[in-house]
Each structure stands twice: as C-alpha cells, then as structure tokens.
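>>> My questions are about this predicted structure, shown below with the sequence.
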Amino acid sequence: MSDLTGPALLVPRSGGTDVLVVEERPAPEPGPGEVLVEVAAVGVNFVDVYQREGVYPMETPFVAGNEAAGTVLATGEGVTGLEPGARVAWAMTVGSAARHVAVPADQVVPVPDEVGLETAAAVMLQGMTAHYLTASTYPVTPGTLALVHAAAGGVGQLLVQLVRARGGVVVATAGGPDKCATAARMGADHVIDYRAVDDPAAAVRDAAGRGVDVAYDGVGRDTFDASLAALRPRGVLALFGAASGQVPPLDLQRLNTGGSLFVTRPSLAHYLASREELLWRAGEVLGAVADGSLEVAVGGRYPLRDAPQAYADLESRRTQGKLLLLP
C-alpha cells in the first residue's frame, strides 16, 4: 500500500501538548496477523496523555493514540474472518492516531451496521472501561449505591448509564450547572455540584443516606480523599484514572480507620486478558449502542492538526462527553 499516504500524530519526546507533531507518512504494509485500516476517527483519552508525558514510560518517538475505528483496506498473512471493507474498531493499541494503521487482527472487533464509525471510536475505550468497572471490578447489582465522579465526562456518562442499567443507584458529582444537568439527564439519582459544597464526602453521604458501596473515581488527586471518606465500611474505591493528577502515596492505615476499606487501581488492559473477554466487553457495549440503550455523547471533533488543542481541552476538564480526532 506504499502509494497511500496520510497524516500521523507523533510524540517525538515526552512532554506537554506542545511536543505533538503531525507528519505525512506512507501507509504501512500489514504484517502477518495484521489488518491495514483506513481510520475514520480516533478517540482522545487520558491514557494518551500519560504515555505522552512519560507517566506510562514509552520509547520515543512513537505515534500517539490508542483507540480508533475505520474500514479494513487489506489483510496480512494468516488473517481470516476479515475482508477489505469490513468496519472495525479497537482500543488499547498504541499508534492509532493516523490515517492508516496496521492493527493486530485479534485486537479489532466488528462494528454493528447500526453504529457509525465515529460513535464506535468514541465508545470503545471508555465504554469497555465503564463495562469492566461495573461488571467486574465492583459488580453492580440491584440496590448498589455507587458514587460516580466527573459524571458529565466521557466515562462518567457511560458509568451512570451502566450502573442504572444494572439496577444501581447513582450519586454523581460534576462541576457547574451544565455538567450537573448532563449527569441528571444520563440518569443519576442524586447530583452534586462539587464546586458548590465545602465537604464533597459529606454531601455524598447526605444525598445517599449512608456511605456508598463503591466509588468510581477517574479524577484522582482532587477527589481521592473524598472518595475514601464517602465509602461505607468495607466499601471499594476503584481509582481508574488521574484526570487531576496522580494520587500521592497512601498510608494504608487510612483503610483500616475508614472501615476496612478496599482500594484498587485497575486499567483496561488487565480486563482484556483474552480475545474472548475483548469480544464480550466490546460486544455488550456496541450492542447497547446499537439498540439505543446506551447513549454516546461526542463533545468535540478536531482535525488531526488540532490535536494539541483537543488534548488541552481534555486535560483542562472543560469538556463534556468524548473528544475525537479526525485524520
């Protein structure tokens, strides 16, 4: 496919958004077990930020991006079940922010006809994150009382919907009236504007009537203490991200004094341990999008050249819903 060229988003060295560079590159040849995909949209995620900044160490230079959707152009040796023209999506595959990407065939999943490629790119990583958190990390059952921080964000909106779909009760936090209204529209039972309260943990307990069973926290440094303080005895804090910065080292005695609490720091890669698990999680998420039971909100679309602005918007937490890059 050497006659095809397209832009790619490079990280030449670790750093802030200013290090990002867009470069024209020839389309790669798909190797054994790979498919060459023409990318329609790329998801913007905090894992990209952690990799770019060196929080997750990466050898530079590398092509950014971990999540995308597009159309298969060609297949490498040994690939079966996928033909040119197939619509596919994937997550947790570094190098996705480019017009043409060679992806291991065992990492892509089929996109249902009812789901647009932009929507698929918007929901894979965050949707499967919300899925593993509510189905596996702390399985929500009817009556589970769950705290969801940043409930108007990409993962937050999906978490609210999936907790409710499993019969749980959601106490949501968000910043400002607009974001609180979004959380309520997604189905949150109680919504707290964290900017308007002095003690977020007390506000959560007041709204819920008791400590929550689980706190789903992707914000990190700014919310970690409140998440711990909002838990019931033997409650679980699932810290799945650090949008506000990394959490300082924790004195484990706090878990004892808080009521024999549990803290886990999960990541999606460990919940996609097999091809079967990937197909299960992606199938349930994309199936829910296809049948209309899961709403995916795209909060912004940016051409690849505007990737620094997209990531600046993400990191500032100014946005709602999912941000996409269009290569």
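Now that the structure is in, tell me what you want to look at.
>>> going forward, measure contacts and count neighbours with C-alpha atoms only.
Will do.
>>> if I look at the closest residue to H149 other than its chain neighbours, how far off is L252?
Leaving aside its chain neighbours, H149 sits nearest to T173 (4.9 Å; criterion: CA to CA, 6 or more residues apart in numbering). T173 sits 26 Å away from L252 when distances are taken as CA to CA, to the nearest Å.
>>> more neighbours, these two?
T173 (27 against 11; other CA atoms under 10 Å).
>>> tell me the SS of the residue nearest to H149?
Secondary structure of T173, reduced to three states by DSSP: H, G, I helix; E, B strand; the rest coil: strand.
>>> Can you name the residues that contact it?
L147, V148, H149, A150, A151, C180, V191, I192, D193, Y194 (CA atoms under 8 Å, 6 or more residues apart in numbering).
>>> Using PyMOL, define a selection of the buried residues within those residues.
Buried members of the contacts of T173, defined by 16 or more other CA atoms under 10 Å, are picked up in PyMOL with:
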select buried, resi 147+148+149+150+151+180+191+192+193+194
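>>> In strands, which of the contacts of T173 appear?
L147, V148, V191, I192, D193 (DSSP state E).
>>> Of those residues, which is the nearest to D217?
Nearest to D217 among these: V148, at 6.6 Å, using CA to CA.
>>> Would you confirm that the closest one contacts G168?
No. In this structure V148 lies outside contact range of G168 using CA atoms under 8 Å: 11.5 Å.
>>> And the pLDDT at the spatially most central residue of the chain?
Among the residues of the chain, the one closest to the centroid is Q126, at 2.7 Å (CA atoms, centre = their mean). pLDDT, the model's per-residue confidence, is 95 for Q126.
>>> On the three-state scheme, it is what?
The three-state label given to Q126 by three-state DSSP is helix.
>>> give the contact list for it.
Contacts for Q126 (CA under 8 Å, 6+ apart) come out as G154, V155, L158.
>>> Adding distance to P110 and pLDDT, write those out as TSV.
TSV is the format used below for the contacts of Q126 (distance: CA to CA, whole Å; pLDDT from 0 to 100):
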residue	distance to P110	pLDDT
G154	22	89
V155	22	94
L158	20	97
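>>> Which ones among those map onto helices?
Among the contacts of Q126, the members falling in helices (DSSP state H) are G154, V155, L158.
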